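Asker: Okay, here's the prediction I keep looking at, along with the sequence it came from:
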Protein chains: 2
Amino acid sequence: MQQDDPYGIRPGEVAAPLPAAFDAQVYFIGRIRTPWRTRDDCPKNARESDAVCRIEVDARWATALSGIETCSHLLVLYWMHRARRDLVLQAPRHYGEPRGTFALRSPVRPNPIAASVVRLTGVDGTTLSVVGLDCLDGTPLLDLKPYFASTDAVPGAVVGWHAERSG
Amino acid sequence: MQQDDPYGIRPGEVAAPLPAAFDAQVYFIGRIRTPWRTRDDCPKNARESDAVCRIEVDARWATALSGIETCSHLLVLYWMHRARRDLVLQAPRHYGEPRGTFALRSPVRPNPIAASVVRLTGVDGTTLSVVGLDCLDGTPLLDLKPYFASTDAVPGAVVGWHAERSG
């Protein structure tokens, strides 16, 4: 029993039946090392912490890191392995009112894949040092991508429900 | 036989043996409808096209879209189902010199998950209209996330190898 598991259903939350079968499969290509051992320890979002985290890429993929040291920022995809996958309406503790899963960045989603933008501060063999993660220690890594400001940065983007909420 | 399959190995490219087993599984939660039927048709990157594409979300997830209409931009994750997964060094035609897979946005990667930032122009039931995709028609959808400028936008980010290349 995980005492820090916050993934029960809260009032106002709704689950959907999951599909009968999966459609594709992923490899874990490494692990993310952070200072956070429980969900309660984790920062609410990545900008809340300046902690330097480590991304340990499996040796198998060492060559695939070639050139990554020239990137100031990366897009990191990882697998939120402890999240349930069937909620369609969620009421995160810090927001209250239930919202659709696809309007939230919650780990709870049909495919528990997180996307975080990080600043790359160092590369040592197959270990990267980065700032900007907020996940649990030991989180499985799925992918690393160069962050292109030309296509990935939209400073004027608005999440209406979030901008309008009080508090 | 796919006549438009560009996924052979080019000079300078290197493949790695794939792991013996997968680690997790994903659901396709919908399909992406674009004007592009072959890789050659696709724009080289999403900013090259103003085409309005459709994201058709499976009815099962309808409730999970609640609130998404308040977002100006979304992060879309999708599965590049026709890409090989074993290259660690790649020489894309338009770049030439081989680079590591994790320094590229190529569809060829251990987990062929793409992440694109799109502008949301409309929501009609479970169909979204968006601008900013460059993928093949019929591409399977994995996830939709609200794009938060506060954590996702880094206008000053640099991809060094790309900035320095000639042409």
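Answerer: Yep, that arrived. Numbering: from 1, shown residues only, chains lettered A, B, ... in the order given.
Asker: where do the strands sit along chain A?
Answerer: If DSSP state E is used as the criterion, the strands of chain A fall at A:14-15, A:24-26, A:30-33, A:52-57, A:73-79, A:87-90, A:99-100, A:113-124, A:127-131, A:139-146.
Asker: how about the second one, does it get close to chain B?
Answerer: The one in question is strand A:24-26. Yes - Strand A:24-26 is in contact with chain B by CB under 8 Å from any CB of the partner chain, via A:24-26. In short, each C-beta sits where N, CA and C put it, glycine included.
Asker: Find the residue at the geometric middle of chain A.
Answerer: The centroid of chain A falls nearest to residue A:114 when counting by CA atoms, centre = their mean (3.0 Å).
Asker: So for it, what's the pLDDT?
Answerer: Predicted confidence (pLDDT) for residue A:114: 97.
Asker: One more: the one 10 residues further on?
Answerer: Turning to residue A:124, the model gives it a pLDDT of 98.
Asker: what do you get for residue A:38?
Answerer: We have a pLDDT of 89 for residue A:38.
Asker: for the one 5 residues further on, same thing?
Answerer: The predicted local confidence for residue A:43 comes out at a pLDDT of 86.
Asker: again with the one 5 residues further on
Answerer: The predicted local confidence for residue A:48 comes out at a pLDDT of 75.
Asker: What is the burial count for it?
Answerer: Look at residue A:48: counted by other CB atoms under 10 Å in any protein chain shown, it has 11 neighbours.
Asker: Touching, it and residue A:134? I think so.
Answerer: Yes - using CB atoms under 8 Å, residue A:48 is in contact with residue A:134, at 7.1 Å.
Asker: one step back: the residue nearest to the centre of chain A contacts residue A:78, doesn't it?
Answerer: Yes - using CB under 8 Å, residue A:114 makes contact with residue A:78 at a distance of 5.3 Å.
Asker: list the residues that contact both of these two?
Answerer: Common neighbours of residue A:114 and residue A:78, counting by CB atoms under 8 Å, 6 or more residues apart in numbering or on different chains, are residue A:135.
Asker: among the helices and strands of chain A, which has the poorest mean pLDDT?
Answerer: helix A:160-164 (a mean of 91; mean pLDDT, DSSP states H and E).
Asker: so how far is that one off the chain centroid?
Answerer: When distances are taken as CA atoms, centre = their mean, to the nearest Å, helix A:160-164 is centred 21 Å away from the chain's centroid.
Asker: mind listing what's buried in it?
Answerer: By neighbour count with 16 or more other CB atoms under 10 Å in any protein chain shown, helix A:160-164 contains the buried residues A:161-162.
Asker: name the helices or strands packed onto that helix?
Answerer: For helix A:160-164, not one helix or strand is in contact under the criterion 3 or more CB pairs under 8 Å, 6 or more residues apart in numbering or on different chains; DSSP states H and E.
Asker: ends of stretch A:85-98, how far apart?
Answerer: End-to-end distance of stretch A:85-98 (CA to CA, to the nearest Å): 16 Å.
Asker: Ok, stretch A:49-67 next?
Answerer: 27 Å.
Asker: Give me the contact list for that stretch.
Answerer: A:29-35, A:43, A:76, A:118, A:121, A:123, A:125-131, A:133-134, A:141, A:144, B:14, B:16-17, B:19, B:88-89, B:98-104, B:109-110, B:161.
Asker: What residues sit buried inside it?
Answerer: Neighbour-count burial for stretch A:49-67 [16+ other CB under 10 Å]: A:49, A:52-55, A:57, A:60-61, A:63-67.
Asker: Mind pulling up the pLDDT for residue A:35?
Answerer: At residue A:35, pLDDT is 94.
Asker: Please name the nearest non-neighbouring residue to it.
Answerer: residue A:51 (5.5 Å; CB to CB, 6 or more residues apart in numbering or on different chains).
Asker: The one you found and residue A:91, how far apart?
Answerer: Look at residue A:51 and residue A:91: by CB to CB, to the nearest Å, they are 28 Å apart.
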